[in-house]
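Novice: Structure for this input, please:
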Amino acid sequence: MFSRRVPPELTANRLAREIAGMRAAGREIIDLTQSNPTRAAFDYPSDLLAKLADARALAYDPLPFGLEEARAAVARDYGRSGIDIDPSRIALTSSTSEAYSLLFKLLADAGDAVLVPRPSYPLFEHLAGLDLVEIRQYDLEYHGVWTIDPAALKRHLTDRTRAILIVSPNNPTGSIMTADELDAVCAICRARDIALIADEVFIDYLLTPAHAQAWARVAARDDVLGFSLGGLSKSVGLPQAKLGWIAITGPEAVRNTAVDRLELICDTYLSVSTPVQIAASDLLERGRVVRAQIQDRIRTNYSWLQSASRGTACTTLNADGGWSAVLQVPSIESEEDLVVGLLRNDGILVHPGYFFDFPRPAFLVVSLLTPAPAFVEGVTRILRHFDCSTAIRHD
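Specialist: Residues are numbered from 1 along each chain as shown. Got it, this is the predicted structure:
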């Protein structure tokens, strides 16, 4: 009766069952997986969402790519990064997830393929499956820093590859696309007439100012058909506002064709609410106070994590940006047993590396959004766990 686009097995995994059991029992959990900034003790202006009640929202006048004033606000926001983009080449969406779905519809037929990075956020396979698109993974390699090997990426291409997806900064590795890497990926795209999708939702969150100098942006190029994704969820810490966007760049002819076709798709759904579009300019401007708080916290937590893990059995992998950090830990048991044990015995909730398709054990992913006292306590327990475990194993 049901489509194969939805997995037939929908039962909770072992970690989710353990979390539910502990919460039902009233046990305290230090959550180092927090990805919702509205629950991470940031100070939001009390009237930040006031513009959502603007009386203009009582009139419904839908446009496929969204209201011109909202698109102009997004274009101005790109200007903060020195990128000049015409508002006519910005399409508003209700979320980044919806943006992916729209682009899969634009670029791929059933059975076509999109290349996505590994490790990365465990969402792409599900989104692609809903549009009958195949996911093929290319590896990010870690040698003190995360890199893309263009030759390895090429090996995953087929005649049915329609797009290469990059996430910069990546979630969870925190790696950014360098100019040399972007040049190499764009050369592959040009040679094969492949589109480039750039998820840049963590654009505002670099872990040191110096990383901004190394960062290469797809939205600043015009040699390949590119789609850059962003949204209020990350840029101003408002996931509930439900506004994302796609910036369309590339050679004029193919770019204009993409704009026309994407406009038809967007006109079919008209999913973005009028109130949030009217409020977009105000939210992007006033939300900078939340963004500054997030930036300060992730930098503070990441710096402390690097210092605290130095000289221990755990290694903090180098990252450039984003809201997550990766700990490489001793492989003394399966990652599933490890995270369940940390939760059950130490009261610490972390993500295992296999959630993000790390190719081998053992990695833990922690959220840098966590308020500093809880972050310090939680990480301290993790480091203590491994110092004790490795000492026992050594003895």
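Novice: Strands of this protein, start to end?
Specialist: Assigned by DSSP state E, the strands in the chain fall at 30-31, 90-93, 113-118, 134-142, 146-148, 161-167, 195-199, 226-231, 244-249, 315-316, 324-328, 348-349, 351-352, 363-367.
Novice: So which of those is nearest P45?
Specialist: With CB to CB, the closest approach to P45 among the strands of the chain belongs to strand 226-231: 19.5 Å. The way it works is simple: take the backbone N, C-alpha and C, and place the C-beta from them, glycine included.
Novice: Off-centre distance for that closest one?
Specialist: Relative to the chain's own centre, strand 226-231 is displaced by 11 Å; criterion: CA atoms, centre = their mean, to the nearest Å.
Novice: same question, stretch 259-277
Specialist: Offset of stretch 259-277 from its chain centre (CA atoms, centre = their mean): 22 Å.
Novice: Quick check: the gap between F375 and A25.
Specialist: 24 Å (CB to CB, to the nearest Å).
Novice: out of the two, which sits in the busier spot?
Specialist: The residue with more neighbours, out of F375 and A25, is F375; 25 against 7, by other CB atoms under 10 Å.
Novice: Tell me who's in contact with the nearest residue to D183 once chain neighbours are set aside.
Specialist: Nearest residue to D183 in three dimensions, chain neighbours excluded: A216, at 7.9 Å (CB to CB, 6 or more residues apart in numbering). By CB atoms under 8 Å, 6 or more residues apart in numbering, A216 lies in contact with S168, I176, M177, T178, A179, E181, L182, D183.
Novice: hmm, try it at 6 Å
Specialist: M177, T178, A179, L182 (CB atoms under 6 Å, 6 or more residues apart in numbering).
Novice: Give me the pLDDT for the second one.
Specialist: Just to be clear, that refers to T178. Predicted confidence (pLDDT) for T178: 92.
Novice: Counting neighbours, what do you get for it?
Specialist: Count around T178 with other CB under 10 Å applied: 17.
Novice: Tell me what it is bridged to.
Specialist: W215 (DSSP bridges).
Novice: Might you list the low-confidence residue ranges for this protein?
Specialist: Low-confidence segments of the chain (pLDDT under 70): 211-214, 388-395.
Novice: Apply 90 and report the result again.
Specialist: Within the chain, the ranges that satisfy pLDDT under 90 run 1-2, 4, 6-12, 81, 122-123, 208-216, 332, 359-360, 387-395.
Novice: can you list the domains in it?
Specialist: Here the domain assignment for the chain is 14-43+289-394, 50-286, based on automatic domain parsing.
Novice: now the ones you listed as TSV including distance to R4?
Specialist: TSV is the format used below for the domains of the chain (distance: least, CB to CB, whole Å):
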stretch	distance to R4
domain 14-43+289-394	22
domain 50-286	9
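Novice: With respect to F2, which of those lies nearest?
Specialist: Among the domains of the chain, the nearest to F2 by CB to CB is domain 50-286 (12.9 Å).
Novice: now do the same end-to-end measure for that closest one.
Specialist: Length of domain 50-286, first residue to last, CA to CA, to the nearest Å: 11 Å.
Novice: Taking the contacts of A216, tell me the two that lie furthest apart.
Specialist: Farthest apart among these by CB to CB are M177 and A179. That separation is 8.2 Å.
Novice: between those two, who's got more neighbours?
Specialist: It is M177, of M177 and A179, that has more neighbours when counted by other CB under 10 Å, with 22 against 12.
Novice: okay but the more buried one is in contact with P169, surely?
Specialist: No. M177 lies out of contact with P169 (CB atoms under 6 Å); the separation is 8.8 Å.
Novice: Out of the domains of the chain, the one nearest P8 is which?
Specialist: Closest to P8 of these is domain 50-286 (CB to CB; 12.1 Å).
Novice: Distance of T312 relative to V329?
Specialist: 10 Å.
Novice: of these two, who's got more company?
Specialist: Taking neighbours as other CB under 10 Å, T312 and V329 compare with V329 leading, 26 against 16.
Novice: just to revisit the earlier point, so what sits against both of M177 and P169?
Specialist: Common neighbours of M177 and P169 (CB under 6 Å, 6+ apart) do not exist.
Novice: related to what we said a few turns ago, for the strands of the chain, could you give me CSV that also reports distance to A41?
Specialist: As requested, those are arranged in CSV below (distance: least, CB to CB, whole Å):
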stretch, distance to A41
strand 30-31, 12
strand 90-93, 29
strand 113-118, 31
strand 134-142, 31
strand 146-148, 30
strand 161-167, 27
strand 195-199, 27
strand 226-231, 22
strand 244-249, 25
strand 315-316, 23
strand 324-328, 18
strand 348-349, 17
strand 351-352, 20
strand 363-367, 13
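Novice: can I get those in TSV with mean neighbour count and distance to A210?
Specialist: Below are those laid out as TSV (neighbours: other CB atoms under 10 Å; distance: least, CB to CB, whole Å):
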stretch	mean neighbour count	distance to A210
strand 30-31	20	31
strand 90-93	25	29
strand 113-118	23	23
strand 134-142	17	20
strand 146-148	20	16
strand 161-167	24	21
strand 195-199	25	21
strand 226-231	27	22
strand 244-249	25	25
strand 315-316	18	18
strand 324-328	24	18
strand 348-349	23	31
strand 351-352	22	27
strand 363-367	25	23
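Novice: Tell me which of those lies nearest to R381.
Specialist: Counting by CB to CB, R381 lies closest to strand 348-349 out of the strands of the chain; the figure is 5.3 Å.
Novice: How about residues contacting that closest one?
Specialist: Where contact means CB under 6 Å, 6+ apart, the residues beyond strand 348-349 that reach it are I29, I30, D31, T33, L342, L343, G378, R381.
Novice: Could you identify the most distant pair in the residues you listed?
Specialist: Greatest spatial distance among the contacts of strand 348-349 (CB to CB): T33 and R381, at 14.6 Å.
Novice: which of these two has more neighbours?
Specialist: Neighbours per residue, other CB under 10 Å: of T33 and R381, the larger number sits with T33, 19 against 16.
Novice: That's all I had, so thanks and see you.
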